[in-house]
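Colleague: Build me a model:
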Amino acid sequence: MGIALTGMTIPHDSAEAADTRIYIDPGHGGSDPGASANGLQEKDVTLDIALKTRDILNEQYSGHTIKLSRTSDITKSLGARTNEANNWGANFFVSIHINAGGATGYESYTWNGSYDNKERTNAIRRTIHNETVEQTGFTDRGAKQANLHVLRESSAPAVLTENGFIDNAADANKLKSDAFIEEIAQAHADGIAKALGLPAK
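Modeller: A predicted model of the protein is given here:
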């Protein structure tokens, strides 16, 4: 069942906002291509979105430091990603993916377990979710929960985004457009900045 999404201001600690550590995880990579269809491989599209999201955050917002799980086409285990983020002291973890299964649109995930920062995690997710749906025009498939490693094992609030369906021809055509990838990245950056209270430059 979909979760109602409403705009809200998310409280944040001022000390955290002074240097918020954002860990961006482009899904898959190297020997793990992720989903593949319509001439696209998920690992390539997620990396493109992640790099652009990083660049937009750095160009348009301050008060943060960014680390990516990968900046090239390398193989990296899920455990290595969450361990790196946790050891670094990440304040927020976002994992970027492309969906498969023949449907269309955008959906996002948080962990379905019980944990201390669940309310804050879902508040951050709602902001990113709303920005992405609004800016990209993707069909809204809802805010969901799942027992996924990167969500469960991250010490920081963690969100996984699924940005269109690689095996849907219409979505794939959009994902082949640099301008559309830029829209996804801008939406992610704006949502992250709004949710974490990053000041605009």
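Colleague: any idea how far residue 192 lies from residue 69?
Modeller: Counting by C-beta to C-beta, to the nearest Å, the gap from residue 192 to residue 69 is 16 Å. Every C-beta, even on glycine, is put in place using the N, C-alpha and C of the backbone.
Colleague: what stretches of the protein score poorly on pLDDT?
Modeller: When residues are selected by pLDDT under 70, those of the chain lie in 1-18.
Colleague: go again using 50 as the cut-off
Modeller: 1-17 (pLDDT under 50).
Colleague: can you pull out the strands in it?
Modeller: With strands called from DSSP state E, the chain shows them at 20-26, 36-37, 40-41, 64-68, 92-99, 106-111, 140-146, 158-165.
Colleague: closest one to residue 126 among those strands?
Modeller: Comparison of the strands of the chain against residue 126 by C-beta to C-beta identifies strand 140-146 as nearest, at 6.5 Å.
Colleague: buried sites along that closest one?
Modeller: Burial within strand 140-146, assessed by neighbour count using 16 or more other C-beta atoms under 10 Å, is assigned to 140, 141, 142, 143, 144, 145.
Colleague: export the residues you listed to a markdown table and tack on distance to residue 188?
Modeller: Shown next, in a markdown table, are the buried residues of strand 140-146 (distance: C-beta to C-beta, whole Å):
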| residue | distance to residue 188 |
| --- | --- |
| 140 | 15 |
| 141 | 16 |
| 142 | 18 |
| 143 | 15 |
| 144 | 17 |
| 145 | 20 |
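Colleague: Going by distance to residue 101, which of those residues wins?
Modeller: When the buried residues of strand 140-146 are compared for distance to residue 101 (C-beta to C-beta), residue 141 wins out at 10.6 Å.
Colleague: So residue 156 is in contact with residue 88, correct?
Modeller: No: Residue 156 lies out of contact with residue 88 (C-beta atoms under 8 Å); the separation is 9.5 Å.
Colleague: what sits in contact with each of these two?
Modeller: 21, 23 (C-beta atoms under 8 Å, 6 or more residues apart in numbering).
Colleague: neighbour-wise, which of those two wins?
Modeller: A direct count of neighbours by other C-beta atoms under 10 Å for residue 156 and residue 88 places residue 156 higher, at 21 against 13.
Colleague: phi, psi of the closest residue to the more buried one other than its chain neighbours?
Modeller: The shortest distance from residue 156 to any non-neighbouring residue, by C-beta to C-beta, 6 or more residues apart in numbering, is to residue 90 (4.5 Å). For residue 90, the backbone dihedrals are phi -60, psi 140 (criterion: degrees, to the nearest 10).
Colleague: Can you get me a residue count around residue 90?
Modeller: The local packing of residue 90 (other C-beta under 10 Å) involves 24 other residues.
Colleague: likewise residue 129?
Modeller: Using other C-beta under 10 Å, residue 129 has 26 neighbouring residues.
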